[in-house]
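>>> task: produce atomic coordinates for the following.
(chains A and B)
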Amino acid sequence: MRDLADISGTAMNGDVSALHLVLSGDPGLFAVVWLSLEVSLSAVLFAGLIGVPAGAFLALTQFRGREGVIVVLNALMGLPPVVVGLAIFLLLSRSGPLGSWGLLFTPQAMVIAQTVLVAPIIAALSRQTIEDLWVEYRDELAAMNIGPVTRIITLIWDARFSLVTALLAGFGRAAAEVGAIIIVGGNIDGFTRTMTTAIALETSKGDLPLAIGLGIVLIFIVIAINALAWAARRAGERYAG
Amino acid sequence: MTMRAPASELPIVFTDVAIVAGDVTILDGINLFFSTGLPTILIGPNGAGKTTLLRAAMGLMPASRGRITWGGRETSEPVRRAIMFQRPAMLRRSAAGNVGYALAAAGMPRGERKTRTADLLALVGLQGLEARAARRLSGGEQQRLALARALVRDPAVLFLDEPTASLDPYATKAIEDIVRAVTTRGVKVVMSTHDLGQAKRLAGDIVLLHRGRLIESGPAKEFFEMPRTPEAGKFIAGELLD
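The predicted structure is shown next:
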């Protein structure tokens, strides 16, 4: 068994090798990066398409049990990824109800799992954002005789810069997630291996350079996407207020 | 821009109207008649029910008791009625975008909106600020933008809820000039204010409310020179009402 000095020495050597891997444009590394982005951004897109309208509907509609739905939705923000992974696994496995789709251990299954994880986050944050805006707009829209559908569209559009934060929170969750996608994706090299699953695997194998390289890229991507979104939000707010 | 003569929205008639929220009676036993002509100004202390009366007249709050009619109809759809709230919400768009949105909501074809938007912004003195984010305008400019937005529907009646409450004298004058201009074009203005000087400057008729009840109403000149009720006399004299 290696002592602590050995491990930290390996890690430092790993930093140098990792940097080399990133700078040399290692094709294996970038295939993993590309798949990770594809899966996480697709999941955020689908979760946004589900979560934002659902949040808007919840924000604008009064019905019996609404408070309970909001409490459950907020609780779902903390869904354990492994539990979601297990549920999707059971659904998509050969003997499961959706087994005939043949999606288990594919990137699509990973997108489904991350969509399930991210949608409640986007829905809950969208609900709060849109409800706050609704309180502000309610009288004006009523005075303009705006119908319910246009009302929802208006609120989503006008809250778009704030909703970016909800989408970013969703992306953060998806990009950092490993438990669900390793169960439904299987971490198959060249097919379903993402940055997070690769980091977990390579660390367990002791291949720290690749794990660290992927970690660096992952952090860089998360920062870059947040910076882009922040810049877009600032520019938009300058125009729209 | 053209303002059509008042049509089916007027007269607005309140018949023994009460508005109750929970166990609080906000308005009670209100009998009123808003018709064409000079502005009607609602005055009264805070909590008198002025805002609620304006909202009810706009059709945004149903009567708990009694009856409100618009041109003899009991429909509450605000077709040619418009309201400017005391603190109007600015849509997160440009100044022109705010007016354009209201025009689209009113059903104006896209091709005609640009010209109409420019006309309305010019009417309220906001030409040159079309592209400015509405929420970055000053308080007075926001009030004027809200007025432009309210005028989009070519209203027969325009309700203004303390439109100059937080404005300086210059911004207040700008709003009052617009009120006079739209009145000249045939729009009935019903407006609440705390400013008795403003009421004297603008009013054709005065309605004094106190604690949800109508204390006195009638032509402004008579109201200020010969108030019929002790409450009106005290209010004009600047004394507190019991």
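
>>> how deep is B:Ala21 tucked in, by neighbour count?
Residues lying near B:Ala21 (other CB atoms under 10 Å in any protein chain shown) number 10. For glycine as for every other residue, the C-beta is placed from the backbone atoms N, C-alpha and C.

>>> sec struct for A:Ser96, please.
Rather than Ser, residue A:96 is Gly. With DSSP: H, G, I helix; E, B strand; the rest coil as the basis, A:Gly96 sits in coil.

>>> and the residue lying closest to it once chain neighbours are set aside, what are its phi and psi?
Here the nearest residue to A:Gly96 in space, its sequence neighbours aside, is A:Leu90; by CB to CB, 6 or more residues apart in numbering or on different chains that works out to 5.3 Å. Comment: the main-chain dihedrals of A:Leu90 come out as phi -60, psi -40, following degrees, to the nearest 10.

>>> make sure B:Arg67 is indeed in a strand.
Yes - B:Arg67 sits within a strand when classified using three-state DSSP.

>>> and it, how close does it get to chain A?
B:Arg67 sits 21 Å away from chain A when distances are taken as CB to the nearest CB, to the nearest Å.

>>> so what's that residue up against?
By CB atoms under 8 Å, 6 or more residues apart in numbering or on different chains, the contact list for B:Arg67 reads B:Val13, B:Phe14, B:Thr15, B:Asp16, B:Val17, B:Glu74.

>>> what's across from it in the sheet?
B:Thr15 (DSSP bridges).

>>> quickly note the distance from the residue sitting furthest away from the middle of chain A to B:Leu126.
When each C-alpha in chain A is compared with the mean C-alpha position (CA atoms, centre = their mean), A:Ala143 comes out farthest, at 38.4 Å. Relative to B:Leu126, A:Ala143 is positioned 20 Å away (CB to CB, to the nearest Å).

>>> pLDDT value on residue 22, please?
Let's take chain A. Confidence per residue is given as pLDDT, and for A:Val22 that number is 69.

>>> should've been chain B
You'll see B:Gly22 listed with a pLDDT of 90.

>>> what about the longest helix in the chain?
No chain in the question, so chain A it is. Among the segments of chain A that qualify as a helix by DSSP state H, the longest is helix A:107-143.

>>> I was thinking of chain B, sorry if that wasn't clear
helix B:169-184.

>>> list the buried ones in it?
Using 16 or more other CB atoms under 10 Å in any protein chain shown as the burial criterion, the residues of helix B:169-184 that qualify are B:Ala171, B:Thr172, B:Ala174, B:Ile175, B:Glu176, B:Ile178, B:Val179, B:Val182, B:Thr183.

>>> report all helices and strands that the helix or strand that that helix is followed by contacts.
Following the chain from helix B:169-184 toward its C-terminal end, the next helix or strand by DSSP states H and E is strand B:188-192. The helices and strands touching strand B:188-192, judged by 3 or more CB pairs under 8 Å, 6 or more residues apart in numbering or on different chains; DSSP states H and E, are strand B:40-43, helix B:50-58, strand B:157-161, helix B:169-184.

>>> if I look at the residue nearest the centre of chain A, how far off is A:Ala159?
Residue closest to the mean C-alpha point of chain A, counted by CA atoms, centre = their mean, is A:Ala174 at 2.7 Å. Summarising the geometry, the distance separating A:Ala174 from A:Ala159, computed by CB to CB, is 21 Å.
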